[in-house]
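>>> Quick one, structure for this:
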Amino acid sequence: MPSRKKASKNDIEISKASFLPPQEQDCYEGERLACLLKSMHREIESARLLDGNSLPEKIWLKQQFSIGVNDVTRVLERMVPSAQVGSSPQQPSSTRNNCKAPLVQLQAVLLASDCNPRWLTKHLPSLASSRRVPLIFVKDMKGGSLRLGELVKLKTAIAIGVKAKGNAINQIFEKILHGDEVRQTDRHDSTNMKIEAMAERELFVKN
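Here you go, the predicted structure:
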């Protein structure tokens, strides 16, 4: 009788990774998703306004986000695993064993739950968890990938990694990751930021 094949270490790790902490399995849909996307659109506009709109929009968006499964995977793989770092990816500092911090850190990853075939994104939960990067699922009747694509001016986007840049986009995700719900009242803060940015630009031009 053939002996049973012993599960490999990698299989065990992947199985464990499927049971992620609640904050890394958060799923946005319906009105909750609509509020998140509207807030993200506003903060993207605010961040771009603060940067001065000097670059074409698509190039600027690529500086703020890792777009697509391949790009998100590449950035996550370059990040130092959580066992080797002393702080969260949102605030990279010194690393143990004299490891150099990567040039790009992800604050969070948005992942469309309607990905087909599913094996395309099967590796992302365990990879993001190993880097302590929260995973936020997006679910929509029209297709989560379509809604994510709208954010980055593409037809579809299965995965989007939010780069830690310290801008308005990161501020809204900081609230989300700390358990604060995104609400329509956030528009007031965003509007104030735009007004301040415009005032700063006018002063710069005058000087």
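
>>> list the helices and strands the helix or strand hosting Gln171 packs on?
If you go by DSSP states H and E, Gln171 is part of helix 168-177. Judged by 3 or more CB pairs under 8 Å, 6 or more residues apart in numbering; DSSP states H and E, the packing partners of helix 168-177 are helix 30-51, strand 106-112, strand 159-163, helix 186-206. For every residue, glycine as well, the C-beta is placed using N, CA and C.

>>> where among those is the average confidence lowest?
Per-segment mean pLDDT for the helices and strands packed on helix 168-177 reaches its minimum on helix 186-206, at a mean of 51.

>>> Convert the C-alpha atoms of the strand or helix carrying Leu127 to CSV, please.
Secondary structure assigned from DSSP H and E places Leu127 in helix 124-130. Output in CSV follows, covering the C-alpha atoms of helix 124-130 (Å, rounded to 0.1, in the frame of the first residue of the first chain):
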residue,chain,number,x,y,z
LEU,A,124,-1.3,37.3,-2.5
PRO,A,125,-2.9,36.7,0.9
SER,A,126,0.1,34.8,2.3
LEU,A,127,2.6,37.1,0.6
ALA,A,128,1.0,40.2,2.0
SER,A,129,0.6,38.7,5.4
SER,A,130,4.3,37.8,5.5
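
>>> List the pairing partners of the next helix or strand after it within its sheet, with orientation.
Downstream of helix 124-130, the next assigned helix or strand under DSSP H and E is strand 135-138. Strands that pair with strand 135-138, judged by DSSP bridges, come out as strand 26-28 (parallel), strand 106-112 (parallel).

>>> Which one, of those strands, ends up nearest to Leu127?
Smallest distance to Leu127 across the strands paired with strand 135-138 (CB to CB): 9.2 Å, for strand 106-112.

>>> Show residues contacting that closest one.
For strand 106-112, the surrounding residues in contact (CB atoms under 8 Å, 6 or more residues apart in numbering) are 66, 72, 75-76, 79, 89-90, 121, 124, 128, 131, 133-139, 143-145, 147-148, 156-164, 170, 173-174, 176-177.

>>> before we move on, back to that, quick one: mean pLDDT for the helix holding Gln171?
Helix 168-177 comes out at a mean pLDDT of 89.

>>> Buried subset of the contacts of strand 106-112, written for PyMOL?
This is how PyMOL selects the buried members of the contacts of strand 106-112, with burial counted by 16 or more other CB atoms under 10 Å:
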select buried, resi 66+72+75+76+79+89+90+121+124+128+131+133+134+135+136+137+138+139+143+144+145+147+148+156+157+158+159+160+161+162+163+164+170+173+176+177
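
>>> what residues are up against Gly68?
157-159.

>>> The same query, at a cut-off of 10 Å, please.
Gly68 makes contacts with 74, 152, 154, 156-161, as judged by CB atoms under 10 Å, 6 or more residues apart in numbering.

>>> Run a quick check on Ile169 versus Asp51, I expect a contact.
No: with contact defined as CB atoms under 10 Å, Ile169 does not reach Asp51; the gap is 11.3 Å.

>>> what about those two, which has more around it?
Ile169 (23 against 15; other CB atoms under 10 Å).

>>> The more buried one - nearest residue in space that isn't next to it in sequence?
Glu43 (4.8 Å; CB to CB, 6 or more residues apart in numbering).
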